[in-house]
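Trainee: 3D, please:
(2 chains)
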Amino acid sequence: MRLSSKTITLLGLAVVIAIAPVFFPSSFYYRVGSLIFVNGLAVTGLVILIGYAGQISLGHAGFAGIGAYACALAPVHFGLHPALAAVLGAVLSGIIAWLVGRPILRLKGYYLAVASLGFGVLVSMVLANEAAITGGPDGMAVEDPGLRGALKAIGIDLSNTEFWYAFSGLILVIGAWLALNLYHSPTGRALRALHGSEVAARAVGIDVAGYKLKAFVISAVYASVSGSLLALQNKFITPDVAGFMHSIEMVTMTVLGGAGSVIGAILGAAILTILPQILTVFQEYEQLLLGLVMMLVMIFMRDGLLPSIARRLRRGGE
Amino acid sequence: MPELMQFFLSGITVGAVYALVALGFTIIYNASDVVNFAQGEFVMLGGMITVFAFEAGLPLPLAALIAILGTAVIGVALNRLAIEPARGAPVVSLIIITIGASIFIRGVTQIVFDKQIHRFPAFSGDAPIAVGGATILPQSLWVIAGALAVFIGLWLFFTRTLVGRAVLATANNRIAAQLVGINTKFIMTLSFAMSAAIGALAGVLVTPITLTSYDIGISLALKGFAAAMLGGMGNPKGALVGGLLLGILEAMTAGYISSQYKDAAAFVVILAVLFAMPQGLFGRKQTDRV
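Mentor: Here you go, the predicted model:
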């Protein structure tokens, strides 16, 4: 039996996630790992928007903020279970993305960038200013969803960091599986066609506006779930999750690794999550080095790390 | 109506700074189709270099001149080292390169200088001038005059000088400009130098009012970007009007609605304008090449 490249990719991802803990010297590494998975999930959504459909968003942290605060607020105000609150956040993000996406996706290039940026800024501003509800810039606590307790009851006893590592990893594999399926589906083909040329796509009968909107809504749901996961594992959330810098971080991870490929983008998420941890050693040189890495990769590896390296290897093999 | 007048005056002052940042965006965008997110860092550098040159004992005008020239050199270096090598890259990559550049410049600044908040004395004292029942700082007049002078200077440059027309020709069609003998490389260098110098000038003018520190650039870049978009990207008149409108809008929102949401008002209006006029107030309609 021959395995498809999709299956190999997913198996590879799952195996790496499962085996990596063998090499972890301390529980801190589980924490970094689960952060990578959370970022990787948001970035997988952006691969659909940026890599497949060729649209930009500088405001996706806004959706992460909605997902995160849904987990923080719904249990307090509506008595909803935190896990269900994450679902509520995802639905809400999808609806908002649908409403916002229709007008702003008519815009192109930098105009789309500023419109999505504006949306993100508005969300983070509401979260920071409505202190009576959201706790303002100081943030607010998030209830434990009790999933770890449920596992313990059936005999699987994991530490907190171990549990979130495994759980976020599982969600990431599911997210990557869905995104890879989408790539080869009729929707994925339509998205890639309109990425190549909107006019040509329209000429062959593709509903360009409809498909762009679909990609925007899907990526918003990914970002929302990623925000929810972050809130649940940190048990605390601040408006920074919806901030401009977080949006930029997400887009940078996507493009740095390679916006066209799910695995590339997850690699980008891994690098940009680990990098600041390493750079703390250099303390005041942290920003300088981060900016340098961003510039160098984009200048010398235009398609992102993974596709560029893959191409170089292929060329070397010939 | 002294209240309205007061909000209007403070709005115009802030708006003039946004307009200067937006003009800087416009020049680089015209020459290279790049939106330079490090534009806010030029404003920061203008203020910071002036502060440190002034504290080192130089007279203020000389310190300001050094800051403007120094920032222009940094602008040229940015073009040569980061923008030129990435020519033809997709919009997302260019956004990340210039944001990377802005983080890099911020990182260097906090090492070379420091992380403190700084100011230097206003050019013509701090005694407020009464205007129609409201007051305005003399330094605000400097800021407004600076923005107008830069705008008029640019207008003359682009319409009356050969080099200025060469910049417009390059913006219009790079290859055609090369064919008629325009040195497009020099035009790019010139555009980045001018843009950086204008940003630094804004920093020099506004620092006595708003103070400066290594991290003020990013929010200025966002506002300037928004102002340029509001006016219509690539149009100097749009940049000036967009900047002033944005400043007044913020001041009115802060005064009459809520100071917490003053930044929100700007983005709400920008979204509304872009929905109604996807090319901004003064932008040309673009058609796609298949």
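Trainee: Can you show me the strands along the stretch 51-200 of chain A?
Mentor: For the stretch 51-200 of chain A, the strands defined by DSSP state E, counting those that start in this stretch occupy A:140-141.
Trainee: before we move on, what about the stretch 1-150 of chain B?
Mentor: B:129-131, B:134-136.
Trainee: who in the stretch 151-300 of chain A is up against chain B?
Mentor: Neighbours of chain B within the stretch 151-300 of chain A, by CB under 8 Å from any CB of the partner chain: A:197-200, A:244-245, A:248, A:251-252, A:255-256, A:259, A:284-295, A:298-300. (Each C-beta comes from the backbone N, C-alpha and C, glycine too.)
Trainee: on that earlier part again, please identify the deepest-packed of the strands of the stretch 1-150 of chain B.
Mentor: By mean neighbour count, with neighbours taken as mean count of other CB atoms under 10 Å in any protein chain shown, strand B:134-136 ranks first of the strands of the stretch 1-150 of chain B at a mean of 18.
Trainee: any weak-confidence spans in chain A?
Mentor: Low-confidence segments of chain A, defined by pLDDT under 70: A:1-2, A:316-318.
Trainee: which element is the residue nearest the centre of it on?
Mentor: Closest residue to the average C-alpha location of chain A: residue A:42 at 0.8 Å, with CA atoms, centre = their mean. Element membership of residue A:42, judged by DSSP states H and E, is helix A:28-46.
Trainee: about what we covered before: are any of the residues of the stretch 151-300 of chain A next to chain B buried, and if so which?
Mentor: A:198, A:244, A:248, A:251-252, A:255-256, A:259, A:286-295, A:298-299 (16 or more other CB atoms under 10 Å in any protein chain shown).
Trainee: now the helices for the stretch 101-250 of chain A?
Mentor: A:109-129, A:131-134, A:147-153, A:160-184, A:186-196, A:198-203, A:208-234, A:244-257 (DSSP state H, counting those that start in this stretch).
Trainee: which residues make contact with the second one from outside it?
Mentor: In this structure, residues lying in contact with helix A:131-134 by CB atoms under 8 Å, 6 or more residues apart in numbering or on different chains are A:69, A:72, A:73, A:126, A:127, A:128, A:137, A:140, A:239.
Trainee: Residue B:272: neighbouring residues, count only.
Mentor: Residue B:272 is flanked by 12 other residues according to other CB atoms under 10 Å in any protein chain shown.
Trainee: Quickly find the element holding it.
Mentor: Residue B:272 belongs to helix B:262-276 when assigned by DSSP H and E.
Trainee: Tell me which residues are up against that helix.
Mentor: Here helix B:262-276 has contacts from A:103-104, A:107, A:111, A:114-115, A:117-119, A:121-122, A:125-126, B:223, B:226, B:229-230, B:246, B:249-254, B:257, B:280-281, using CB under 8 Å, 6+ apart.
Trainee: Repeat that for stretch A:22-41.
Mentor: By CB under 8 Å, 6+ apart, stretch A:22-41 touches A:17, A:20-21, A:159, A:161-162, A:164-165, A:167-169, A:171-172, A:175-176, A:222, A:225-226, A:229-230, A:233, A:249-250, A:253, A:265-266, A:269-270, A:272-274, A:277.
Trainee: I figured the residue nearest to the centre of chain A hits residue A:60, correct?
Mentor: Yes - if you go by CB atoms under 8 Å, residue A:42 and residue A:60 touch, sitting 7.0 Å apart.
Trainee: contacting residues around residue 250?
Mentor: By default, I'm working from chain A. Taking CB under 8 Å, 6+ apart, we find residue A:250 in contact with A:39, A:42, A:43, A:46, A:60, A:61, A:64, A:223.
Trainee: try chain B instead
Mentor: Per CB under 8 Å, 6+ apart, neighbours of residue B:250: B:11, B:14, B:262, B:263, B:265, B:266.
Trainee: Now with 6 Å, please.
Mentor: Shown in contact with residue B:250 (CB atoms under 6 Å, 6 or more residues apart in numbering or on different chains): B:262, B:266.
Trainee: and if you look at residue B:35?
Mentor: If you count contacts by CB under 6 Å, 6+ apart, residue B:35 has them with A:110, B:29.
Trainee: can you check residue A:101 too?
Mentor: A:213, A:216.
Trainee: do that again at 8 Å, thanks
Mentor: Counting by CB under 8 Å, 6+ apart, residue A:101 has contacts A:212, A:213, A:216, A:217, A:220.
Trainee: Quick one: those as a markdown table, columns for neighbour count too.
Mentor: Compiled in a markdown table, the contacts of residue A:101 are given as follows (neighbours: other CB atoms under 10 Å in any protein chain shown):
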| residue | neighbour count |
| --- | --- |
| A:212 | 25 |
| A:213 | 19 |
| A:216 | 27 |
| A:217 | 22 |
| A:220 | 30 |
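Trainee: which residue packs closest to residue A:86, ignoring adjacent ones?
Mentor: Nearest in space to residue A:86, with sequence neighbours left out and distances taken as CB to CB, 6 or more residues apart in numbering or on different chains, is residue A:228 at 3.6 Å.
Trainee: So what's the residue count around the closest residue in space to residue B:94 that isn't next to it in sequence?
Mentor: Residue nearest to residue B:94 in three dimensions, not counting chain neighbours: residue B:34, with 5.2 Å by CB to CB, 6+ apart. Other residues within reach of residue B:34 by the criterion other CB under 10 Å amount to 24.
Trainee: wait, residue B:34 sits on residue B:90?
Mentor: No - contact between residue B:34 and residue B:90 fails when scored by CB under 8 Å: they sit 11.6 Å apart.
Trainee: where along the stretch 101-250 of chain B do the helices fall?
Mentor: B:138-160, B:162-172, B:174-179, B:184-210, B:217-231, B:236-252.
Trainee: wait, which of those helices is closest to residue A:191?
Mentor: helix B:217-231 (25.9 Å; CB to CB).
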